[in-house]
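Enquirer: Output the structure for:
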Amino acid sequence: MHGAHACAARGIPLRHGMRLTAQDLYNYTKCAHRVYLDANGDPAEKSEVSSFVKLLWEMGLQKELEHLGTLAGTPIEDLKALSLQAAAERTDALMRAGAPLIYQGVLRINHLLGRPDLLVRRDDHDSSLGAFYYEAVDIKAGRGWEEREGSKPKFKRHYALQIMFYRDLLARVQGYAPPLGRIINIDSETEEFPCADFEADYASSLREVEKLVAANETSEPVLSSVCGQCEWYRKCRRWVEDTRDPTGLFFVGKQKFALKERGLATIDAIAEMDVKRYLRGPEKIPGLGEKSLERMKRRAQVMLAGKPEIRPGFVFPQAEEEIYFDIEDDPTQGLVYFYGMVLQDGNGRDEFMFLQADGPEEEENTVRLFWEFIRAHPRAVFYVYSHKERSTLRALMERYQLDPAVFEQYCGQELDLYKFVVDHSDWPTYSYGIKQIARQVGFSWRDPDPSGANSIAWYNDYLKDTSRKELMQRILEYNEDDCRAMIAIKRYFERNA
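Expert: Below you'll find the model as predicted:
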């Protein structure tokens with residue numbers, strides 16, 4: 001038995017009928033309050049599941065079925081149609097009988113309930129079941145290991161904690177926990193990670209999740225850019241606005257808990273704080289220096305005033321041509337399917353151009369055409385609103401061995417308006433994303449529900465039926481509006497310089 005298993009075994013009593021699942025561990029890595037609300041919130045306050053989340057569910061199921069189709073010749077016990085009780089009893093019987101592969105089995109130990117995609121029998125170590133043991137493997141519509149620029153690869157924590165949860169349950173059943181955790185990724189490849197790397201994290205995370213599910217520990221919202229797809233988002237945002245919570249300020253996030261410990265419990269208190277008081281001595285706020293606190297105070301004052309503050313000292317580059325550029329991509333498939341550009345120049349030109357991939361097989365040809373577009377505009381400024389365009393183009397360059405000189409040319413011409421907004425202004429909103437900032441300056445989208453996540457859902461619906469041209473038209477209009485939102489933001493800066 002491993003340390004994580006021993007710590008988890010103590011547990012916290014839950015109300016009758018309540019259970020803790022691997023999904024709770026997954027959600028905990030994103031938002032602790034989500035775990036609390038899922039267990040203790042009023043379901044009537046939840047919003048409808050978004051089209052993008054439904055797409056993820058569908059893609060996950062499709063990926064599972066595709067992988068099962070590759071296992072011809074392996075006897076598969078399929079338990080997905082069974083109730084939890086029936087599946088738990090059947091899983092136990094199958095494991096004791098040494099079944100080679102169990103799909104959608106159920107592991108239940110007291111209040112802990114796990115339903116891994118696969119339970120795979122391994123014969124390289126004994127267990128209390130016999131001369132074999134079981135390993136839980138999940139099938140993911142993504143990749144486990146991720147590389148970030150300037151840092152070494154890391155295995156995704158939200159995937160790892162789910163596998164660690166199943167491993168914990170299996171260790172209690174069979175008395176053995178293997179040293180490696182595994183997933184099947186979107187490319188049908190097996191990825192593995194050392195469980196020792198996550199044992200301490202898993203043990204502490206499980207304890208916290210148990211407290212949240214049992215309501216032994218209360219929780220509060222922490223607004224961030226990932227909240228929009230959550231069913232509890234509207235409830236959380238109302239709470240933040242009604243309580244004047246510090247997380248209603250841009251870039252406060254989880255730092256709000258340290259602020260509250262020092263009595264800075266509202267935006268109003270932050271707007272009036274004496275910064276020097278919190279820089280040293282017993283009231284010093286860990287991790288926040290004078291510059292950060294001054295910026296936080298100014299943002300609080302802007303929030304209370306209800307209008308943006310544009311700071312002087314910036315100059316936009318002079319260029320023959322301005323290109324407002326936005327990419328639409330589906331990270332679940334690693335696919336870039338749309339490039340939109342609004343071209344403007346001093347002669348009155350204002351033209352929207354685009355390149356689209358009608359399917360994954362057209363991605364390479366589409367990016368090669370965009371490479372030629374860059375090459376043909378050496379004296380333009382490319383305005384974007386995030387680092388995504390640059391990192392996406394770099395990945396495509398490496399994938400298709402594109403000319404690096406063209407990429408370097410693009411990098412020298414790019415201006416990230418998001419960074420510009422952060423560096424030169426403050427706004428009365430918790431997010432400085434393009435939707436929030438452009439609406440502050442009076443811009444509106446034609447689509448009633450514009451978002452990059454919805455664009456992905458529309459594109460996947462289009463791939464199922466390419467006769468539905470209205471879906472590509474919706475993507476086109478949404479992308480053009482994103483580009484024109486950048487123009488509106490830049491013009492606002494120019495007027496208020």
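Enquirer: Stretch 90-109: end-to-end distance?
Expert: Taking C-alpha to C-alpha, to the nearest Å, stretch 90-109 runs 15 Å from one end to the other.
Enquirer: Give the buried residues for it.
Expert: Applying a neighbour-count criterion of 16 or more other C-beta atoms under 10 Å, one finds 90-91, 94-95, 99, 101-109 buried in stretch 90-109. No exception for glycine: its C-beta is placed from N, CA and C like everyone else's.
Enquirer: In strands only, show me those residues.
Expert: Applying DSSP state E to these, the entries found in strands are 101-103, 107-109.
Enquirer: hang on, isn't D197 packed against F155?
Expert: Yes. Taking C-beta atoms under 8 Å as the definition, D197 is a contact partner of F155 at 7.4 Å.
Enquirer: More neighbours: which of those two?
Expert: F155 (19 against 14; other C-beta atoms under 10 Å).
Enquirer: Nearest spatial neighbour of the more buried one, chain-adjacent residues omitted?
Expert: Computed as C-beta to C-beta, 6 or more residues apart in numbering, the closest residue to F155 that is not its neighbour in sequence is F193, at 4.0 Å.
Enquirer: What's opposite that neighbour in the beta bridge?
Expert: Beta-bridge pairing for F193 (DSSP bridges): G181.
Enquirer: where's it relative to S292, distance?
Expert: Plainly put, F193 is 34 Å away from S292 if you go by C-beta to C-beta, to the nearest Å.
Enquirer: so how far is R298 from the residue positioned nearest the centre of the chain?
Expert: Centroid-nearest residue in the chain, with C-alpha atoms, centre = their mean: V226, separated by 5.8 Å. Here V226 is placed at a distance of 25 Å from R298 (C-beta to C-beta).
Enquirer: same question, C31
Expert: Distance, C31 to R298, using C-beta to C-beta: 27 Å.
Enquirer: In terms of neighbours, single out the busier of the two.
Expert: Between C31 and R298, counting by other C-beta under 10 Å, C31 is the more crowded of the two (20 against 15).
Enquirer: circling back to that earlier point, for the ones in strands among the buried residues of stretch 90-109, work out which two are farthest apart.
Expert: Maximum pairwise distance in these, criterion C-beta to C-beta, is 21.8 Å, between L101 and I109.
Enquirer: V137 reaches R121, doesn't it?
Expert: No. With contact defined as C-beta under 8 Å, V137 does not count as touching R121 (11.3 Å).
Enquirer: Of these two, which one has the most company?
Expert: Neighbours were counted for V137 and for R121 using other C-beta under 10 Å; V137 has more, 21 against 17.
Enquirer: State the pLDDT value of the residue lying closest to that one once chain neighbours are set aside.
Expert: Using C-beta to C-beta, 6+ apart and skipping residues adjacent in sequence, the residue nearest V137 is L118, 4.4 Å away. Looking at L118, its pLDDT reads 97.
Enquirer: Now do the same contact list for L118.
Expert: For L118, the contact set (C-beta atoms under 8 Å, 6 or more residues apart in numbering) comprises 101-103, 136-139, 184.
Enquirer: now, which of those residues sits nearest C236?
Expert: D138 (28.0 Å).
Enquirer: can you list contacts of the one helix or strand that closest one maps to?
Expert: Here D138, judged by DSSP states H and E, is contained in strand 133-139. Residues from elsewhere that reach strand 133-139, judged by C-beta under 8 Å, 6+ apart: 60, 63-64, 67, 95, 102, 107, 114, 116-122, 125-127, 159, 162-163, 166-167, 170, 173-174, 176, 178, 182-184, 190.
Enquirer: Show me where the stretch 101-250 of the chain has its helices.
Expert: With helices called from DSSP state H, counting those that start in this stretch, the stretch 101-250 of the chain shows them at 157-174, 199-213, 233-243.
Enquirer: Of these, which stretch is the most buried?
Expert: Among those, ranked by average contacts under mean count of other C-beta atoms under 10 Å, first place goes to helix 157-174 (a mean of 23).
Enquirer: And F193 and S292? Which one has more around it.
Expert: Shown here are F193 and S292; by other C-beta under 10 Å, F193 has more neighbours (20 against 15).
Enquirer: and the gap between the more buried one and S386?
Expert: Distance of F193 to S386, given as C-beta to C-beta: 29 Å.
Enquirer: where in the stretch 1-150 of the chain is pLDDT low?
Expert: Scanning the stretch 1-150 of the chain for pLDDT under 70 picks out 1-17, 149-150.
Enquirer: change it to 80
Expert: Within the stretch 1-150 of the chain, the segments meeting pLDDT under 80 span 1-18, 50-63, 65, 72-73, 147-150.
Enquirer: and the closest residue to I76 other than its chain neighbours, what is it in contact with?
Expert: Residue nearest to I76 in three dimensions, not counting chain neighbours: L101, with 5.0 Å by C-beta to C-beta, 6+ apart. The contact partners of L101, taken as C-beta under 8 Å, 6+ apart, are 71, 74-77, 118-121.
Enquirer: Could you look up the SS state of the residue lying farthest from the centre of the chain?
Expert: In terms of distance from the mean C-alpha position of the chain, N347 ranks first, at 41.7 Å (C-alpha atoms, centre = their mean). When classified by DSSP: H, G, I helix; E, B strand; the rest coil, N347 comes out as coil.
Enquirer: Quickly note the distance from it to F325.
Expert: 20 Å.
Enquirer: And for P246?
Expert: 35 Å.
Enquirer: the more surrounded of those two?
Expert: Neighbours per residue (other C-beta under 10 Å) separate P246 from F325, with F325 holding more: 28 against 25.
Enquirer: That one looks like it's in a strand, true?
Expert: Yes. Under three-state DSSP, F325 falls within a strand.
Enquirer: That one contacts V381, doesn't it?
Expert: No. At 9.9 Å, F325 does not count as touching V381 under the criterion of C-beta under 8 Å.
Enquirer: between the contacts of L118, which is nearest D423?
Expert: D138 (41.0 Å).
Enquirer: burial of that closest one, as a residue count?
Expert: Neighbours of D138 using other C-beta under 10 Å come to 20.
Enquirer: now swap in S219 and tell me
Expert: When neighbours are defined as other C-beta under 10 Å, S219 has 17 of them.
Enquirer: same thing with H67?
Expert: 16.
Enquirer: how about the nearest residue to it, chain neighbours excluded?
Expert: The spatially closest residue to H67, leaving aside those adjacent along the chain, is I139, at 5.1 Å (C-beta to C-beta, 6+ apart).
Enquirer: and the gap between the one you found and N185?
Expert: The value you get for I139 to N185, if C-beta to C-beta is used, is 8 Å.
Enquirer: Check L415 too.
Expert: Applying C-beta to C-beta, the value for L415 to N185 is 35 Å.
Enquirer: now L304
Expert: Taking C-beta to C-beta, one finds L304 at 47 Å from N185.
Enquirer: more neighbours, the two?
Expert: More crowded of L304 and N185, by other C-beta under 10 Å: N185, with 18 against 14.
Enquirer: Could you double-check that the more buried one sits in contact with K156?
Expert: No. At 10.2 Å, N185 and K156 do not qualify as touching, with contact defined as C-beta under 8 Å.
Enquirer: what do these two both touch?
Expert: With C-beta under 8 Å, 6+ apart, N185 and K156 have common neighbours 142-144.
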